[in-house]
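Peer 1: With the input below, show me the fold.
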Amino acid sequence: MSSASSSSSSEQPGAKVNYGQVISALQAGKNADLTAITSTSTINLVLVSDLKANGNTSGLDNALKKNAADAATLKTSVDANATLKAKVTDAGYTTDQVVAVLANDDGSFTVVINEQHP
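Peer 2: Next up is the predicted model:
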């Protein structure tokens with residue numbers, strides 16, 4: 001698999017996310033507006049395994065199970081956005097592995113990939 005840091009060219013400093021942010025986004029059903037992602041957008045890929053869990057590694061699994069319908073909607077939305085889908089697949093992942101897409105304050109997007117998911 002390719003490097004997880006990916007964007008139009010390089011990773012942006014504003015793209016740092018933590019385990020808690022991902023769980024909160026999942027529990028709230030919040031993902032970025034994927035229609036805002038275009039070919040000029042900076043997209044950073046972050047692997048779940050690279051995030052610090054601070055001891056509660058089951059939190060993400062629980063949030064994913066609880067919000068399975070949102071995950072299915074997210075996959076459909078990622079598949080519908082050619083730029084985002086290409087970024088994910090070009091890095092060697094599938095859209096099924098995307099667990100969250102977060103908008104960053106600097107206008108970039110962070111896509112959280114669960115590389116353990118088949």
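Peer 1: for the one helix or strand residue 101 maps to, packing partners?
Peer 2: Following DSSP states H and E, one finds residue 101 within strand 98-103. With contacts defined as 3 or more CB pairs under 8 Å, 6 or more residues apart in numbering; DSSP states H and E, strand 98-103 has these neighbours: helix 19-28, helix 68-80, strand 109-113. For the C-beta atoms, the positions are set from N, CA and C on the backbone; glycine is no exception.
Peer 1: Where does pLDDT dip in this protein?
Peer 2: Within the chain, the stretches with pLDDT under 70 are 1-15, 52-57, 117-118.
Peer 1: among the helices and strands packed on strand 98-103, which is nearest residue 40?
Peer 2: Proximity to residue 40 (CB to CB) singles out strand 109-113 among those, at 11.7 Å.
Peer 1: which one is residue 35 nearest to, not counting chain neighbours?
Peer 2: Excluding the flanking residues, the one nearest residue 35 by CB to CB, 6 or more residues apart in numbering is residue 81, at 7.4 Å.
Peer 1: Tell me who's in contact with the one you found.
Peer 2: Listed by CB atoms under 8 Å, 6 or more residues apart in numbering, the contact set of residue 81 reads 34, 35, 37.
Peer 1: Just the buried ones out of these, please.
Peer 2: Among the contacts of residue 81, those buried by neighbour count (16 or more other CB atoms under 10 Å) are 34, 37.
Peer 1: Relative to residue 110, which of the contacts of residue 81 is nearest.
Peer 2: For the contacts of residue 81, the nearest to residue 110 is residue 37 (11.3 Å; CB to CB).
Peer 1: Just give the nearest non-adjacent residue to the closest one, would you?
Peer 2: residue 84 (5.1 Å).
Peer 1: residue contacts, the one you found?
Peer 2: Taking CB under 8 Å, 6+ apart as the definition, contacts of residue 84 comprise 34, 37, 43, 78, 101, 109, 111.
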